[in-house]
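J.: What follows is a predicted structure for the sequence shown.
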Amino acid sequence: MVVKIAGVRMYMWRAVDDEGEVLDVLVQKRRNKAAAVTFLRRILKSTEIRPEAIVTDGLYSYRSATRALGCADRHKPGRLRENNRVENSHLPVRRRERKMQKFKSQGSAQRFISVHSAVYNTFAVQRHLISRRSHRVFRREAFVAWSATTAAA
């Protein structure tokens, strides 16, 4: 995703698991092999499990980056709808970015997007997978956690 920061194009790299939870977000100036290696190394190091598949968009930087990291056998360049989970997960960020009249610096974009994805993960429950009663319990726990976090700040 392209993010405009003070008139400069920045690229937002996002990692989303199969349930739609945002794992990590990184804002960088380039979309080359070095940037892809940095992002993929960061993701693979932060997750405790070895992913079965790494689905990306059609950018060639991912192909060379997965080859460099030794996980080319799990890499599946996405086609039309295989990458939809990542593409749709950035819509709330887009709405917020429009309201904020773009970001002022790369650091402010990185800070906002990291915090936004953590808050989004707290409140976005996979409704189709659970019962109504469980959904209420999860929402209550999320609001308790949110109240405790905001009271401390």
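T.: Here it is on my side, so go on.

J.: Is Ser61 located within a strand, as I assumed?
T.: No: read with DSSP: H, G, I helix; E, B strand; the rest coil, Ser61 is helix and lies in no strand.

J.: Can you name the residues that contact Leu59?
T.: Neighbour list for Leu59: Arg31, Ala36 [criterion: C-beta atoms under 8 Å, 6 or more residues apart in numbering]. In this view, the C-beta of every residue, glycine as well, is placed from N, C-alpha and C.

J.: Would you mind measuring from it to Ala148?
T.: Separation of Leu59 from Ala148 (C-beta to C-beta, to the nearest Å) stands at 40 Å.

J.: Next: Ile130.
T.: 23 Å.

J.: neighbour-wise, which of these two wins?
T.: Ile130 (13 against 9; other C-beta atoms under 10 Å).

J.: who's in contact with that one?
T.: Ile130 touches Phe138, counting by C-beta under 8 Å, 6+ apart.

J.: For this protein, just list every one of the strands.
T.: Assigned by DSSP state E, the strands in the chain fall at 2-5, 8-16, 22-28, 54-56, 75-77.

J.: so what secondary structure elements neighbour the last one?
T.: The reference is to strand 75-77. Strand 75-77 is packed against strand 54-56, helix 60-69, with contacts defined by 3 or more C-beta pairs under 8 Å, 6 or more residues apart in numbering; DSSP states H and E.

J.: quick one: contacts of that strand?
T.: Ala53, Ile54, Val55, Thr56, Asp57, Gly58, Tyr62, Arg63, Thr66, Glu82.

J.: Check the gap between the first one and Ser114 for me.
T.: It refers to Ala53. Taken as C-beta to C-beta, the span from Ala53 to Ser114 is 25 Å.

J.: burial count for Val119?
T.: Val119 has 14 neighbouring residues, counting by other C-beta under 10 Å.

J.: picking that back up, of the contacts of strand 75-77, just say which sits nearest to Glu21.
T.: Val55 (14.9 Å; C-beta to C-beta).

J.: so the closest one sits right up against Gly78, yeah?
T.: Yes: if you go by C-beta atoms under 8 Å, Val55 and Gly78 touch, sitting 5.0 Å apart.

J.: If we go by neighbour counts, what in stretch 19-31 is buried?
T.: Glu21, Val22, Val25, Leu26, Val27, Gln28, Arg31 (16 or more other C-beta atoms under 10 Å).
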